[in-house]
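*Asks:* What follows is a predicted protein model with its sequence.
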Amino acid sequence: MRKIVIAGNWKMNKTVAESVKLAADVVAAARDVRNVVVAIAPTYLALAKVAEVVKGTNVRLAAQDVHWENQGAYTGKVSADMLKEIGVDFVIIGHSEQRTYFGETDETVNRKVKKVQSLGMTPIICIGETLAERKEGRLEAVLTTQVNGAYAGLSADEALRTVIAYEPVWAIGTGVTASDDEAQEAHAFVRGLLARLYGDNVAQSISIQYGGSMKPENAAGLLAQKDIDGGLIGGAALKADSFLGIVTPGSRSASSLSVPRQATGLAPGAAAGRTGAPGFSSLRLRAPDSGSAPDARPDHPANLRLGACAQRTVLGSPGFYWRPRLA
Ligand code: PEP
């Protein structure tokens, strides 16, 4: 089952004291958020202190990068064990700034993904095209190479324990956002790539965030798209109110699509277990997109009217599901 995952990437911003304050503000503001996974990624320097602030709350800790080796002569780097020890749940891997300025390749992304997973943390795998690549008509080729590279050697079970962030590079930190349609189109393409690698059911269970100048003003439109399952947020995550201004529409979008767990036929915990991220507890059910059947997309906002509870099989799990009334 897919979750809405909204993560704030603080990049190289905030001192330790400022990070602690912002984390406390986010924790307070997100106290009642139940159906969105909220995470924050401070600098390495602030991680341990922020870990104390988020401990026992519904805000998860994320790191901005990792090294794939356990220890050794890698000046300036931090290992996955070190992150795990202080309570990190998510690790951002392959961010475009890492790729552009620090030589990250699809191969190093793949090594990092495997390392992070081996310790039970969830990688947020960043992919996305530059403006030149998009203009040259290479969007699909670039995304294909990045997805194939990041997932090389990963089993279906391991793939289920990943999150992807589709971030068009031209939209990161620029104030220019992909339109709802552009973003949805790219997300659907990425999901198709996952389906080719692992089959439809797995592809339908992996959360794909959008990233690139997402802010409260454009979040609702983006998050209403059928294949957009949250956001990776840079600039707008540096203030608790603007960050929550994105979490709130995410939460609304999730709750309009939520199905009580006991009505799903899923074993308790089964949904959370699909992605493996600690603390994943909320549901946003999305059935496999089986094409033309009228009730094949019970979660699509365009299809949602007053839902009726109906018995059917979703992702191989027979049970009771909300069936949409089509317009
Ligand atoms: C990011 O850093 O991943 C990002 C999306 O930044 P911004 O929201 O500032 O564009």
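*Replies:* It's in. Numbering: from 1, shown residues only.

*Asks:* Confirm that Ala39 sits in a strand.
*Replies:* Yes - Ala39: assigned to a strand according to DSSP: H, G, I helix; E, B strand; the rest coil.

*Asks:* looking at it, it is touching Val91, isn't it?
*Replies:* No - taking contacts as C-beta atoms under 8 Å, Ala39 lies outside contact range of Val91: 10.3 Å. In this view, the C-beta of every residue, glycine as well, is placed from N, C-alpha and C.

*Asks:* Please name the nearest non-neighbouring residue to Gln146.
*Replies:* Nearest-residue entry for Gln146: Ile127, 4.0 Å, with adjacent residues in sequence omitted and distances by C-beta to C-beta, 6 or more residues apart in numbering.

*Asks:* Let me know whether that neighbour touches Pro168 as I believe.
*Replies:* No - taking C-beta under 8 Å as the definition, Ile127 is not a contact partner of Pro168, at 9.6 Å.

*Asks:* quick one, phi psi at Thr248?
*Replies:* Here is the backbone geometry of Thr248 (degrees, to the nearest 10): phi -60, psi -50.

*Asks:* burial of it, as a residue count?
*Replies:* Thr248 has 18 neighbouring residues, counting by other C-beta atoms under 10 Å.

*Asks:* what does Lys114 give?
*Replies:* Here the neighbour count serves as a burial measure; for Lys114 (other C-beta under 10 Å) it reads 17.

*Asks:* What of the one 3 residues further on?
*Replies:* As a burial measure, the neighbour count of Gln117 was computed by other C-beta under 10 Å and equals 20.

*Asks:* Contacts for the strand or helix carrying Lys115 next, please.
*Replies:* With elements taken from DSSP states H and E, the one containing Lys115 is helix 106-118. Under the contact criterion C-beta atoms under 8 Å, 6 or more residues apart in numbering, helix 106-118 has outside partners 65-69, 80, 83, 91, 93-94, 122-123, 125, 145-146, 148-154, 158, 161-162.

*Asks:* These in strands, which ones?
*Replies:* Counting by DSSP state E, the members of the contacts of helix 106-118 that fall within strands are Val91, Ile93, Thr122, Pro123, Ile125.
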